[in-house]
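1. I need the structure of the sequence given here:
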Amino acid sequence: MHKKLLIVLTLTLLAILSCTKFAQRYTWDITQNQAHTLTASSKTLLERLDAPLTISVYSPDINVLNTCKDLLERYKEYSQQITVELHQTIFHDTEQAKLNLFTNDNMLVTYKNARHAIDVRLEELSEYKISTLIQKTSNADNHWLVFITGHNEADPLDHSELGLSSFAEIFTKQGMHIVTLNLADQQTIPDNTALLIIANPQLDFLPLEKDIIHKYLERGGKLLWLTEPDTKVTDILTEEFGIKPSKGVAIDPTSLQLGSPHPALKIITKYPKHAITENLHTATILPWSAHLQVLLQVNAWQQQVFLATQASTWTYNGPETFNIKTLANHKEHLGPLNLGIALSRDNGTDVPQRSLVVSDSSFLLNKYIPLYANAQLAANTIEWSQEDIKIFVFSPTPLRDLSYHTSKLDRFLYQYFFIFFLPALFIGIGLYQGLRKTG
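-> All right, here's what the predicted structure looks like:
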């Protein structure tokens, strides 16, 4: 009697709890890699919010509202800055036109004085879409990334393998502005330039252009200079930063063991301790890099290496070859080789002035930036140079739950135990019981 009463009370308690907010408030993600939990990228993005952010969903379709609510609940639970509003109405036509919307299902994000919206298509809606929208809204300041042209530099508008359009797209998706600038024509760098980018110039700068760049840096401007081996444009780097790229290409035989087709296509797996690389836990590929020689410290710049090769590397300055022995016979500079140098100096403000020199522009090209963690490294370099710019690079976690690799024991059980032994066992038990009864 007591056992039956205990069972009834337990079932009654569970039934009551299932109808309360207690059961609705707590969820557990039991997938192997937390597929239904916000990724580290999105969590970092939310941690940067310093003001309330409202996500409003407008749709006459209750299914759209409920789907959005389930996805947005993860954001709301993680950050107290997030407020979610669901409206079973159509967004105002005038507002739709202003925000470039085309359907009746919309998601609007409002943060401080900025707001951006997207059309909600359930088959495309994902954490990436939502987090990118949040980032675009929270980073809506007037940031301009200015690319210097006129010296055969890599082009941020070029969609070919040798262009930088994928690199530029990381920032345009987040509401930042990309513009090209020919100094010989304009003869000035705009004051609203967040970062000046010089991507592997092939022709030297005119004296007037050099003077404009030096004056831009004197008044606190920030610069990202991407160079390559055997570059002819080194004067500005030496005069301003005390750095000179080597003529030879950096060779890393260890990269061959990691799968690189050539030791000059370096796969970097370890990084010097620096804020730019502290969240890089996967490899990057830097093809055809030079070695950045630090000649002297000038103009009060503090020089710190943030990308480097291992000790068992060298620079090669000789005829093209794949033969590792030939490459080893023409060593000029021995590793570790400097591939990226971060520069900072006190300019009399609360935030130090920052610039960067990277001895490899190829890792940003459309051909290479999708590989490994190259996109993350690219974003990190820009973000480090600008403390007020927060860049979001979504790194989805692979759904390991969808991939199952059997062990030898699993295969044995599937092939023999469940197909032969287990049925035979049941048949044997049945025959045994039958013989007992007839006996």
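2. from Ser59, how far out is Glu73?
-> According to C-beta to C-beta, to the nearest Å, Glu73 and Ser59 sit 17 Å apart. Using the backbone N, CA and C atoms, a C-beta is placed for each residue, glycine as well.
3. more neighbours: which of those two?
-> Shown here are Glu73 and Ser59; by other C-beta atoms under 10 Å, Ser59 has more neighbours (23 against 13).
4. who touches the helix or strand Leu286 falls within?
-> Using DSSP states H and E, Leu286 sits in strand 284-287. For strand 284-287, the surrounding residues in contact (C-beta atoms under 8 Å, 6 or more residues apart in numbering) are 260, 264-268, 307, 339, 360, 362-363, 368, 371-374, 377.
5. restricted to helices, list those.
-> Counting by DSSP state H, these place 374, 377 in helices.
6. buried members of the contacts of strand 284-287 into ChimeraX, please.
-> Buried residues within these, by 16 or more other C-beta atoms under 10 Å, are selected in ChimeraX with:
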select :260,264,265,266,267,268,307,339,360,362,363,368,372,373,374,377
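7. so which of the contacts of strand 284-287 are in strands?
-> The strands, defined by DSSP state E, take in 265-268, 307, 339 from these.
8. farthest-apart pair in those residues, please.
-> Pairwise distances across the ones in strands among the contacts of strand 284-287 peak at 14.9 Å for Leu265 and Leu307 (criterion: C-beta to C-beta).
9. where does pLDDT dip in the protein?
-> 1-4, 8, 11, 14-15, 17-36, 140-142, 388-408, 410-411, 413-415, 439 (pLDDT under 70).
10. can you list the domain ranges for it.
-> Structural domains assigned to the chain are 33-138, 144-385, following automatic domain parsing.
11. now for the ones you listed, which one comes closest to Phe417?
-> Proximity of those to Phe417 was assessed by C-beta to C-beta; the nearest stretch is domain 33-138, lying at 29.6 Å.
12. distance between the closest one and the chain's centre?
-> The chain centroid and the centroid of domain 33-138 are separated by 20 Å under C-alpha atoms, centre = their mean, to the nearest Å.
13. parallel or antiparallel, list what pairs with the helix or strand following the strand holding Leu286.
-> Scanning forward in sequence from strand 284-287 by DSSP H and E, the next helix or strand is strand 292-294. Using DSSP bridges, strand 292-294 pairs in its sheet with strand 243-245 (antiparallel).
14. give the pairing partners of the helix or strand just after the partner strand; include direction for each.
-> Next helix or strand after strand 243-245 toward the C-terminus (DSSP H and E): strand 249-251. Strands that pair with strand 249-251, judged by DSSP bridges, come out as strand 314-316 (antiparallel).
15. any idea which helix or strand comes after the strand it pairs with?
-> Counting by DSSP H and E, the element after strand 314-316 in chain order, helix or strand, is helix 324-328.
16. who are the packing partners of that next one?
-> Applying 3 or more C-beta pairs under 8 Å, 6 or more residues apart in numbering; DSSP states H and E, we find helix 324-328 packed against no helix or strand.
17. list the contacts of it.
-> Contacts to helix 324-328, defined as C-beta under 8 Å, 6+ apart, come from residues 251, 253, 256, 263, 314, 316, 318, 321.
18. do stretch 145-165 as well
-> Identification of contacts with stretch 145-165 by C-beta under 8 Å, 6+ apart yields 167-168, 171, 176-185, 189-190, 193-205, 226, 233, 361, 364-367, 382.
19. the same query, at a cut-off of 7 Å, please.
-> For stretch 145-165, contacts defined as C-beta atoms under 7 Å, 6 or more residues apart in numbering pick out 167-168, 171, 176-184, 189, 193-203, 205, 361, 364-367.
20. type out the ChimeraX command that picks the buried ones from the residues you listed.
-> With 16+ other C-beta under 10 Å as the criterion, this ChimeraX line picks the buried residues out of these:
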select :167,168,171,176,178,181,183,189,193,194,195,196,197,198,199,200,201,205,361,364,365,366
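21. so which of the contacts of stretch 145-165 are in strands?
-> Reading strands off these with DSSP E, I get 177-182, 193-199.
22. and the residues you listed as a markdown table, adding distance to Ile134?
-> Formatted as a markdown table, the ones in strands among the contacts of stretch 145-165 follow (distance: C-beta to C-beta, whole Å):
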| residue | distance to Ile134 |
| --- | --- |
| His177 | 19 |
| Ile178 | 21 |
| Val179 | 25 |
| Thr180 | 29 |
| Leu181 | 30 |
| Asn182 | 35 |
| Thr193 | 26 |
| Ala194 | 20 |
| Leu195 | 23 |
| Leu196 | 28 |
| Ile197 | 26 |
| Ile198 | 32 |
| Ala199 | 29 |
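23. check those residues and tell me the two furthest apart.
-> Using C-beta to C-beta, the pair of those lying farthest apart is Asn182 and Ala194, separated by 18.9 Å.
24. touching, Thr277 and Ala308? I think so.
-> No. Counting by C-beta atoms under 7 Å, Thr277 does not reach Ala308; the two are 10.0 Å apart.
25. put the alpha carbons of stretch 306-323 into PDB.
-> The C-alpha trace of stretch 306-323 is given here as PDB (Å, rounded to 0.1, in the frame of the first residue of the first chain):
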ATOM      1  CA  PHE A 306      53.100  38.000 -33.100                       C
ATOM      2  CA  LEU A 307      53.700  35.600 -36.000                       C
ATOM      3  CA  ALA A 308      56.900  33.500 -36.300                       C
ATOM      4  CA  THR A 309      58.200  30.300 -37.600                       C
ATOM      5  CA  GLN A 310      59.900  27.500 -35.600                       C
ATOM      6  CA  ALA A 311      63.700  27.400 -35.100                       C
ATOM      7  CA  SER A 312      64.200  24.800 -37.800                       C
ATOM      8  CA  THR A 313      63.500  27.300 -40.600                       C
ATOM      9  CA  TRP A 314      65.500  29.500 -42.800                       C
ATOM     10  CA  THR A 315      65.100  32.000 -45.700                       C
ATOM     11  CA  TYR A 316      66.000  30.800 -49.200                       C
ATOM     12  CA  ASN A 317      67.200  33.200 -51.900                       C
ATOM     13  CA  GLY A 318      67.900  31.100 -55.000                       C
ATOM     14  CA  PRO A 319      66.300  29.600 -58.100                       C
ATOM     15  CA  GLU A 320      62.800  28.000 -57.800                       C
ATOM     16  CA  THR A 321      62.900  24.400 -56.700                       C
ATOM     17  CA  PHE A 322      61.000  21.800 -54.700                       C
ATOM     18  CA  ASN A 323      64.200  19.900 -53.700                       C
END
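26. residues of that stretch that come out buried?
-> By 16+ other C-beta under 10 Å, the buried positions in stretch 306-323 come out as 306-310, 313-316.
27. okay if I get those residues as CSV plus distance to His116?
-> What follows is the buried residues of stretch 306-323, written out as CSV (distance: C-beta to C-beta, whole Å):
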residue, distance to His116
Phe306, 32
Leu307, 34
Ala308, 39
Thr309, 41
Gln310, 44
Thr313, 45
Trp314, 49
Thr315, 47
Tyr316, 49
